[in-house]
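# sequence isn't available, so here's the structure alone:
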């Protein structure tokens, strides 16, 4: 439910298919959006704690974010953003969440490669109380292998602090490589990523190492005289947990997630966004073995 871990996936230094107008003054570019919608969830859960309620519910979704980019000179670019997301269930009040997310990114272009670093800060509330604080720093390089192929290796370090569950506090180090292929003058792209995570928690029973794979296909097209965007994605990772004793087999998890998202731009500033996601979180630990399906529809205003 708290998809803070998506930060590792969404830090790619490529911004695509932004159909919204933006404000630009000299070397500044500012844009933002706000949305409201509903989500049906088959198994309300707290993903960061791997705890599922076994109950379905409907939630109200509210979100807003603001982005700013400053082209300091032809080589240096600075960008930052802030967003807030609210999810409030009709019945499962204990699972209501609010997520604040802020980031800053600096990039330097040298030839066909952009070298950059970024920092993310996230603070999540659960049932109105502070739940999780996340600090994440990353260094990356975006290399243009050709006019349509880009490669982005990165090293990311993350610190997680849980307000009332000190044993789940963790330091995570990940190494990743993503490739992007663009088609049809940038209207379509395919991305493929490999990642390896090493998470060390205060309670060693939650420490793990995990190789992972992620795939995304995205296309922008015009139909019924309206601009639309369709995205399909898949993520899979296999977690091998630390073996604590010789009497029991070590815990092993396999996390598989599929998602589809469709955005219909009714006007340059108004759009309808629908999404379907399915997660299969298989684990040798019974309490962490569950599945969920979520479907949502939102109205979005952009500028």
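Happy to help now that I have it. No experiment lies behind these values; they were computed from the predicted model shown.
# from here on, just use CA atoms for contacts and neighbour counts.
Will do.
# any idea of the pLDDT on residue 30?
In the predicted model, residue 30 carries a pLDDT score of 95.
# partners of it in the sheet?
residue 23, residue 68 (DSSP bridges).
# that one - how many residues pack around it?
Neighbourhood size, residue 30 [other CA atoms under 10 Å]: 18.
# what's the spacing between it and residue 301?
Per CA to CA, to the nearest Å, residue 30 is found 15 Å from residue 301.
# repeat for residue 117
Distance from residue 117 to residue 301, counting by CA to CA: 30 Å.
# which pLDDT value goes with the residue of the chain positioned farthest from its centre?
In the chain, residue 247 marks the outermost C-alpha relative to the chain mean, sitting 37.6 Å out by CA atoms, centre = their mean. Looking at residue 247, its pLDDT stands at 71.
# can I assume it sits in a helix?
No. Residue 247 is assigned coil when assessed by DSSP: H, G, I helix; E, B strand; the rest coil, not a helix.
# what's near enough to touch residue 241?
With contacts defined as CA atoms under 8 Å, 6 or more residues apart in numbering, residue 241 is in contact with 205, 206, 207, 208, 209, 250, 251, 252.
# could you redo the last one with a cut-off of 10 Å?
Neighbouring residues of residue 241 by CA atoms under 10 Å, 6 or more residues apart in numbering: 199, 204-210, 249-253.
# for residue 291, same thing?
Per CA under 10 Å, 6+ apart, neighbours of residue 291: 42-45, 52, 54, 255-257, 278-282.
# and it, helix, strand or coil?
Going by three-state DSSP: residue 291 is strand.
# list the beta-bridge partners for it.
Counting by DSSP bridges, residue 291 forms beta bridges with residue 280.
# one step back: can you list the contacts of residue 291 in JSON lines and add neighbour count and secondary structure?
Shown next, in JSON lines, are the contacts of residue 291 (neighbours: other CA atoms under 10 Å; DSSP: H, G, I helix; E, B strand; the rest coil):
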{"residue": "42", "neighbour count": "18", "secondary structure": "coil"}
{"residue": "43", "neighbour count": "18", "secondary structure": "coil"}
{"residue": "44", "neighbour count": "24", "secondary structure": "coil"}
{"residue": "45", "neighbour count": "22", "secondary structure": "strand"}
{"residue": "52", "neighbour count": "18", "secondary structure": "strand"}
{"residue": "54", "neighbour count": "12", "secondary structure": "coil"}
{"residue": "255", "neighbour count": "18", "secondary structure": "strand"}
{"residue": "256", "neighbour count": "19", "secondary structure": "strand"}
{"residue": "257", "neighbour count": "18", "secondary structure": "strand"}
{"residue": "278", "neighbour count": "18", "secondary structure": "strand"}
{"residue": "279", "neighbour count": "18", "secondary structure": "strand"}
{"residue": "280", "neighbour count": "16", "secondary structure": "strand"}
{"residue": "281", "neighbour count": "19", "secondary structure": "strand"}
{"residue": "282", "neighbour count": "17", "secondary structure": "strand"}
